[in-house]
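*Asks:* What follows is a predicted structure for the sequence shown.
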Amino acid sequence: MISIKCSDNFCGVYTTEPITKNQVVHTLSLSETCEKPTRTSIQIKKGLHAEDEVGKYINHSCYPSCEIRGTRVIALKKIKPGQEITFDYNENEKVVASPFRCGCCDRNITGRGGRMGEGVITTLFVVAYIVFVLFMLLHSSTDNIIEPLGW
Ligand SMILES: [Zn+2]
């Protein structure tokens, strides 16, 4: 019903037959779980993350075809053969172990309670600093203009 396909180093899970809305696409195995998220785990509930052989290849999408409900991967809409099985990592995971910026809508994928990566925070600081410097420059040049008129 679903199969893992890889090209180069990029893998994904695709359906081989038509799937109807609300259909259970896959059931995540709980034979291997962990308390904290990993790069490949899927969060089932607080403190329970499944390492599923198929689930670990399901990619993120901001416009997902499925969602995770308990251990079940459920179709949010009709999925045609060959289409990808995806879910929204930001919706499902509290914290994404390896945050990234998604290719579908250029959003930081960190999980619901996840923090932005250090790189993003550094960028914000640099931008804030540049704005501050520009503001000071603008302010001081305004002073210079006003001063000669003030005498
Ligand atoms: Zn996206």
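*Replies:* Sure, I can see it. All values reported here derive from a predicted model rather than from experimental measurement.
*Asks:* can you give me the strands for this protein?
*Replies:* For the chain, the strands defined by DSSP state E occupy 2-7, 10-15, 24-27, 33-34, 42-45, 48-50, 59-60, 66-69, 72-75, 84-87, 100-101, 108-109.
*Asks:* winner for burial among the ones you listed?
*Replies:* Greatest average neighbour count among the strands of the chain goes to strand 84-87 (a mean of 22), per mean count of other Cβ atoms under 10 Å. Backbone N, C-alpha and C define where each C-beta goes, glycine included.
*Asks:* How far off centre is that strand?
*Replies:* Per Cα atoms, centre = their mean, to the nearest Å, the displacement of strand 84-87 from the mean C-alpha position of its chain is 13 Å.
*Asks:* Could you export it as CSV, CA atoms only?
*Replies:* Output of strand 84-87 as CSV, limited to C-alpha atoms (Å, rounded to 0.1, in the frame of the first residue of the first chain):
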residue,chain,number,x,y,z
GLU,A,84,3.8,11.4,-1.1
ILE,A,85,2.8,10.6,2.5
THR,A,86,3.7,13.7,4.6
PHE,A,87,2.7,15.2,7.9
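*Asks:* what lines up beside that strand in the sheet?
*Replies:* Counting by DSSP bridges, the strands paired with strand 84-87 are strand 10-15 (antiparallel), strand 59-60 (parallel).
*Asks:* what's the most centrally placed residue in the chain in contact with, if anything?
*Replies:* Central residue check for the chain by Cα atoms, centre = their mean: the C-alpha nearest the mean position is that of I109, 2.6 Å away. If a contact means Cβ atoms under 8 Å, 6 or more residues apart in numbering, then I109 has 60, 89-90, 96, 99-102 as its contacts.
*Asks:* let's see it at 10 Å
*Replies:* With contact set as Cβ atoms under 10 Å, 6 or more residues apart in numbering, I109 has these partners: 60, 62, 88-90, 93, 96, 98-102.
*Asks:* Filter the residues you listed down to the buried ones.
*Replies:* 60, 62, 88-90, 93, 96, 99, 102 (16 or more other Cβ atoms under 10 Å).
*Asks:* and those near the ion, which?
*Replies:* With Cβ under 5 Å from the ion as the criterion, the buried ones among the contacts of I109 include 62, 102 near the ion.
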